[in-house]
Every structure is written in C-alpha cells, then in structure tokens.
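[1] When you get a sec, could you give me coordinates for this:
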Amino acid sequence: MKITVIGGGSTYTPELIIGFLGRVKELPLTELWLMDIDEVRLKTVGGFAQRMISANHAPFKIFLSTDQQESISGASYVITQLRVGQMPARREDEYLGLRHNLIGQETTGIGGIAKALRTIPVILEIARDMAKLSPGALLVNFSNPSGLVTQALKMAEPDFPIVGVCNVAIGVKMRILENLEKMTGQKIDPKRAELNTLGLNHLTWHRGFKLDGQDIWPQVLDEYVSLLKSSETPEFPVELIKTLRMIPSYYLNYYYETALKLAEQKEWPPSRAEEVMALEKDLLRDYADPQIISPPEGLMQRGGAFYSTAAAQLINSHFNDLAETHVANVPNQGAVPEWPVDWVLELPCRVNRSGVRPLPAQVLPEVCAGLLFQVKSCELLTARAALTGDRAQLYEALLLHPLGPAANQVQTVMDDLLQTNKPWLPQFWK
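    Below you'll find the model as predicted:
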C-alpha cells in the first residue's frame with residue numbers, strides 16, 4: 001500500500017507518522033510518500049519522520065519528493081494538509097480582518113474565504129492528477145477550510161472520492177471521555193463512544209453522546225454546564241447551553257461573541273499565525289536534531305491534537321471494511337432529508353470499503369439552521385468564485401457572510417483581499 005501526504009513538510013506530519021506506526025498490524029503500508037514544494041522543510045520534517053520509523057522498526061519506508069505527480073502515482077490514499085502561501089498567508093488573512101474591523105481568522109469570515117480561494121484550485125489540480133495516476137484512490141482532505149474545499153471539489157468533480165476531515169469533533173469526543181474517566185475512575189476505550197454532531201466544518205453543534213449504544217447526553221451536558229459555572233472565563237454563557245441543549249463548536253464564538261473577538265484582535269501582535277510561526281521555528285529546530293527520534297512536547301501546542309487518530313483510523317476503517325462511525329465532511333445525500341442532497345455537511349458517517357456514507361440525522365432547530373443556511377450559501381458562492389475567478393460571486397459571498405463587511409465596505413475589502421493574495425489567485429487576474 002502506498003499513501004501520499006501532500007504538504008508533507010508540515011509540522012503536523014510527525015503526529016501522522018505516530019498514527020500509522022500505531023496501526024502497522026492492521027494497515028499493510030509499504031510506502032509513505034511525503035511531498036512538498038518547500039524542499040528545505042521537507043528534508044527537515046522528512047528526515048525526522050525517517051528517524052521515527054527507523055527507531056520503531058516500521059515495516060514501511062518513507063519517500064521524500066517535490067514532484068506531485070510522482071508522489072501521487074499508484075497511491076491508495078492521498079492526504080492533503082497543505083497551506084497555500086504557507087504561514088505568512090495565514091497572517092495576512094488575520095490582518096486583513098483587523099484592517100477592516102472584521103474577524104481575522106484562517107477558516108472563518110473573510111480569512112476563511114481568502115484561504116478557500118487560494119486552496120481550492122490546488123486541491124482540484126491534485127484531484128485531477130489522482131484521477132489519471134491513482135484512479136479510485138480516496139482523497140482525505142485536512143486542508144482548511146476543510147468543508148468548503150470538499151464542497152468545491154464535489155461541485156467541480158461530483159463523482160470524485162473525497163472526504164473532508166477535521167480534528168474538532170474527535171477532540172470534543174476525547175474531552176468528554178476524559179471527564180467521564182475522572183468521574184468513574186475507569187479507562188474508557190474511545191471505540192465504545194459515539195458523538196452526535198451536525199453542521200458545517202467549524203460551524204457544528206454537538207447534541208448527543210452514546211457509550212456502548214446508550215445515550216448519556218443529559219449527563220454530559222450537565223457536567224459541561226457545571227464546568228462553565230466554575231470557570232472564570234467560560235467558553236459559552238450557561239444560559240445559551242441550557243437553551244440549546246447542545247454544545248456549539250468553539251468556532252461559533254466568532255458568531256456568538258463577535259465584539260469580544262474583535263476586541264481580542266486589537267491586542268495583536270502576536271496574532272495566532274504569529275504564535276504558530278514562533279512555535280514552528282522551535283519545532284523545526286528540534287526536528288533537525290539528529291538525536292531526536294520522538295515528537296517534542298511543543299507539537300501539542302501547535303493545535304493538532306488527535307490529528308493522527310482522525311486520519312489514520314479513518315483510513316484503517318475504510319481499508320479494512322470496519323464500518324466504524326467517524327465525523328466527516330461529505331455530501332448530505334439525503335441524510336438530512338430537509339436539506340439539499342449536494343450540500344457538504346459535517347456529521348457522523350459510516351466508513352467502510354464502499355466509502356464514507358453519512359448516517360441519517362435529525363435536522364437542526366431554526367436557531368442553528370438559520371445561521372448554517374447563511375454560511376452555506378456563502379460557501380457555495382465562494383466555491384464558484386474560486387473555481388471560475390468570477391469577482392461578482394466573490395462580492396456576493398462577502399456581502400452575504402454574517403461576519404462580512406457592510407455593503408459600503410464590500411468593494412474595498414474585496415480589492416484588498418485580491419491584491420493581498422494576487423500571487424495565488426491567477427483566476428481573478430486574467
């Protein structure tokens with residue numbers, strides 16, 4: 001089996017290696033190809049990855065390449081974890097928002113739109129290479145905004161096998177299990193638990209939790225409310241949780257507490273991108289040390305907790321026909337009958353050899369669905385703009401987004417966004 005990682009020079013890659021090392025008895029992996037256009041980072045991260053598998057006597061080899069087509073050829077799975085423009089482009093997304101008194105974030109608001117515009121054409125090119133060089137291979141996309149990228153690819157190539165993956169849902173699941181373990185004093189196998197969540201990537205509401213098939217959501221919710229009450233800086237207002245009877249993704253704070261987030265931005269620098277750039281500098285220094293053969297502690301500060309579990313276990317469930325439930329980004333396909341079948345949603349899916357299929361889901365209440373509809377409409381406009389270079393559709397996406405600019409500010413923001421990202425947006429500069 002050959003698995004290819006596009007963006008193999010990412011500082012996340014060592015965590016991915018851990019995921020595959022933990023499944024060598026289940027996955028017959030023989031070749032892991034790390035591909036990146038940044039040859040310096042690739043050699044640093046790839047060299048560290050090779051030391052990791054050597055120290056663990058792994059039965060597979062790691063290949064480093066800057067050639068996308070060579071890397072993709074013959075692959076069974078392709079994982080995309082790329083960042084077009086690298087971390088400086090993320091910093092520009094953040095300060096684009098700050099300049100216009102809007103939310104500056106890499107996946108939400110105008111920052112998420114900018115990142116999608118840069119990323120979608122690159123993912124589409126990868127998919128087309130896969131169709132020629134590794135037909136039938138599954139594309140596992142981690143590149144943010146994961147759901148929007150998956151939506152755009154499905155619009156361009158409806159039959160192409162792709163699943164969008166994010167570590168938010170698995171992070172919530174593991175935190176719930178950690179709290180349950182503290183309460184019971186017993187270790188709980190994560191395979192015994194299932195999280196019920198629905199929404200869009202980074203716009204989800206968690207609304208159910210089963211342990212051994214038994215719904216224990218009231219207990220989970222009560223414990224979460226207790227934690228909010230005891231916190232000096234609660235994640236959400238207690239009244240919000242009591243009313244919704246759901247736990248929103250922490251990204252929803254950008255919508256529910258916009259003024260607070262804007263005030264936090266005014267304290268920059270450092271922005272989150274600038275914090276990550278400092279963290280990555282230290283990580284890459286550690287990765288380059290020939291004496292280091294296991295991931296340093298700083299990797300967890302990078303923000304990729306459970307990334308390896310989400311990626312490796314989904315592939316394992318797909319290859320070995322395990323029919324496990326994973327939260328993923330896929331087209332609705334009637335799972336939520338009230339919503340369009342071609343909308344890419346983030347929801348529990350059954351993962352087996354035949355693919356990643358969404359499980360039937362109850363529709364969200366209006367208080368959540370209203371916001372979701374508006375953001376999804378913005379996603380569709382953004383995807384079309386990214387695929388065609390149509391500035392009118394981009395204008396409409398910015399006008400529509402609930403975190404976007406006022407009508408008299410849209411053109412100014414759009415011009416700034418396009419000029420700032422001009423090197424990566426040739427479709428808008430024909």
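[2] thinking residue 116 is in contact with residue 386, fair?
    Yes. In this structure, residue 116 is within contact of residue 386 by Cβ atoms under 8 Å, at 5.9 Å. Where you see a C-beta, it was placed from the backbone N, CA and C, and this is true even at glycine.
[3] So for those two, which residue has more residues nearby?
    residue 386 (29 against 25; other Cβ atoms under 10 Å).
[4] Which secondary structure element is home to residue 176?
    helix 168-184 (DSSP states H and E).
[5] quick one: secondary structure of residue 329?
    strand (DSSP: H, G, I helix; E, B strand; the rest coil).
[6] pLDDT below threshold where in the stretch 251-400 of the chain?
    The model of the stretch 251-400 of the chain has pLDDT under 70 over residues 300, 302-305.
[7] Apply 80 and report the result again.
    297-305, 307 (pLDDT under 80).
[8] buried ones in stretch 338-350?
    339, 343, 344, 345, 346, 347, 348, 349, 350 (16 or more other Cβ atoms under 10 Å).
[9] ok, the residues you listed vs residue 39, which is closest?
    For these, the residue nearest residue 39 by Cβ to Cβ is residue 344; the value is 33.5 Å.
[10] how close does that closest one sit to residue 209?
    24 Å (Cβ to Cβ, to the nearest Å).
[11] Provide a list of residues in contact with residue 141.
    79, 80, 123, 149, 150, 153, 162, 163, 164, 165, 329 (Cβ atoms under 8 Å, 6 or more residues apart in numbering).
[12] List only buried entries from the residues you listed.
    Restricting the contacts of residue 141 to buried positions leaves 79, 80, 123, 149, 150, 153, 162, 163, 164, 165, 329, with burial counted as 16+ other Cβ under 10 Å.
[13] Would you check that the first one makes contact with residue 19?
    No. Counting by Cβ under 8 Å, residue 79 sits too far from residue 19 to count as a contact (10.3 Å).
[14] Need the residues touching each of those two.
    Contacts common to residue 79 and residue 19, judged by Cβ under 8 Å, 6+ apart, are residue 311.
[15] one step back: now for residue 116 and residue 386: what residues contact both?
    Common neighbours of residue 116 and residue 386 (Cβ under 8 Å, 6+ apart) are residue 152.
[16] What are the contacting residues of stretch 416-427?
    84-85, 89, 92, 96, 99-100, 110, 113-114, 117-118, 121, 386-389, 391, 394, 398, 428-429.
[17] Ends of that stretch, what's the gap?
    One end of stretch 416-427 sits 16 Å from the other (Cα to Cα, to the nearest Å).
[18] Can you list the buried residues in that stretch?
    Result for stretch 416-427 [16+ other Cβ under 10 Å]: buried residues 416, 417, 418, 420, 421, 424, 425, 427.
[19] ok, so of these, who is nearest residue 2?
    Among the buried residues of stretch 416-427, and counting by Cβ to Cβ, the member closest to residue 2 is residue 424, at 28.9 Å.
[20] Strands of the stretch 1-150 of the chain, start to end?
    Using DSSP state E, counting those that start in this stretch, the strands of the stretch 1-150 of the chain run over 2-6, 31-35, 61-65, 77-80, 138-141.
[21] Of all these, which one is nearest residue 173?
    strand 138-141 (18.6 Å).
[22] Can I get that closest one in CSV? Just the C-alpha atoms.
    Coordinates of each C-alpha in strand 138-141 appear next as CSV, following Å, rounded to 0.1, in the frame of the first residue of the first chain:
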residue,chain,number,x,y,z
LEU,A,138,-9.5,8.2,-1.7
LEU,A,139,-8.6,11.8,-1.1
VAL,A,140,-8.5,12.6,2.6
ASN,A,141,-8.5,16.4,2.9
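[23] Note down every partner strand of it and its orientation.
    Sheet partners assigned to strand 138-141 using DSSP bridges are listed as strand 77-80 (parallel), strand 162-164 (parallel).
[24] Flag every buried residue along it.
    In strand 138-141, counting by 16+ other Cβ under 10 Å, buried: 138, 139, 140, 141.
[25] Could you grab the helix/strand/coil label for the residue nearest in space to the middle of the chain?
    In the chain, the centroid-proximal residue (Cα atoms, centre = their mean) is residue 166; its distance is 3.5 Å. Following three-state DSSP, residue 166 is assigned to coil.
[26] pretty sure it is touching residue 199, no?
    No. Judged on Cβ under 8 Å, residue 166 makes no contact with residue 199 at a distance of 11.1 Å.
[27] what touches both of those two?
    Joint contacts of residue 166 and residue 199 (Cβ under 8 Å, 6+ apart) are residue 346.
[28] Now do the same contact list for residue 205.
    By Cβ under 8 Å, 6+ apart, the neighbours of residue 205 are 197, 198, 199, 244, 246, 247, 248, 249, 252, 364, 368.
[29] Tell me the one among the buried residues of strand 138-141 nearest to residue 72.
    Distances from residue 72 to the buried residues of strand 138-141, taken by Cβ to Cβ, are shortest for residue 139, at 9.9 Å.
[30] how near is that closest one to residue 34?
    16 Å.
[31] again, but for residue 152
    With Cβ to Cβ as the criterion, residue 152 and residue 34 are 25 Å apart.
[32] The stretch 201-350 of the chain: helices as residue ranges?
    217-230, 238-244, 253-256, 258-265, 272-288, 307-319 (DSSP state H, counting those that start in this stretch).
[33] ok, of the buried residues of stretch 416-427, which one's closest to residue 190?
    residue 424 (37.9 Å).
[34] tell me the pLDDT at that closest one?
    For residue 424, the pLDDT comes out at 98.
[35] Got phi/psi on it?
    phi -110, psi 0 (degrees, to the nearest 10).
[36] what's the closest non-adjacent residue to it?
    residue 118 (4.3 Å; Cβ to Cβ, 6 or more residues apart in numbering).
[37] Give me the neighbour count for that neighbour.
    Neighbours around residue 118, by other Cβ under 10 Å: 20.
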